[in-house]
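Enquirer: fold the following and give me the result.
(one chain, ligands or ions: 1)
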Amino acid sequence: MASIFSKIVAGEIPCYKVAETEKCFAFLDINPVAKGHVLCIPKKEVDYLFDLDEQLYGELTLFAQRVAKSIKKVCPCKKVGVAVLGLEVPHAHIHLIPLQSEGDMDFHHHVKMTEEEFKKLAADLAAAFE
Ligand code: AMP
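Expert: Just a heads-up that it's a prediction; the model follows:
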């Protein structure tokens, strides 16, 4: 069965899309720990990030770098933090989280965003993606 993220890539489940390349896809985390929390995934479904072949791992890392630059432009933050968990969804993904302080990288704390806020943020990030 396809992962929830494969369904997002296929357009079968909606998402707040931020960026896309031939091999990679980025969208807002639906339960963000900070405003601007983005997930970067390979379109190909592989459970564990570090099982990706070298080529795709490299492409995903460079894609995440580009997405992090758009987050830095759009979201007020000191730096964009990176995390890899993968305990919930078995489709490799890199979390990018704008940080003002260490406490912003807290996966037990979530921020509430309205539908409109999600839409605007995704559109702003998409526009800033280079
Ligand atoms: P983990 O696998 O532990 O890295 O966590 C999976 C992440 O995916 C969590 O931060 C969820 O909030 C996020 N997530 C799960 N389903 C969706 C979805 N349909 N759209 C966006 N983010 C999701």
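Enquirer: can you count the residues close to V80?
Expert: Counted with other CB atoms under 10 Å, the neighbours of V80 add up to 20. In this view, the C-beta of every residue, glycine as well, is placed from N, C-alpha and C.
Enquirer: wait, isn't it in contact with P98?
Expert: Yes: distance between V80 and P98: 5.6 Å, which falls inside the contact criterion (CB atoms under 8 Å).
Enquirer: quick check: neighbours shared by the two?
Expert: Both V80 and P98 are contacted by I71, K72, under the criterion CB atoms under 8 Å, 6 or more residues apart in numbering.
Enquirer: helices and strands around the lengthiest helix in the chain, which ones?
Expert: Counting by DSSP state H, the longest helix found in the chain is helix 54-74. Helices and strands touching helix 54-74, by 3 or more CB pairs under 8 Å, 6 or more residues apart in numbering; DSSP states H and E, are strand 17-20, strand 24-28, strand 38-42, strand 79-83, strand 94-99, helix 115-128.
Enquirer: ok, and for that helix, which residues are buried?
Expert: Using 16 or more other CB atoms under 10 Å as the burial criterion, the residues of helix 54-74 that qualify are L56, Y57, E59, L60, F63, A64, V67, A68, S70, I71, K72, V74.
Enquirer: shouldn't the third one be in contact with F25?
Expert: Translated: E59. No: look at E59 against F25 with CB under 8 Å: they stay out of range, at 11.6 Å.
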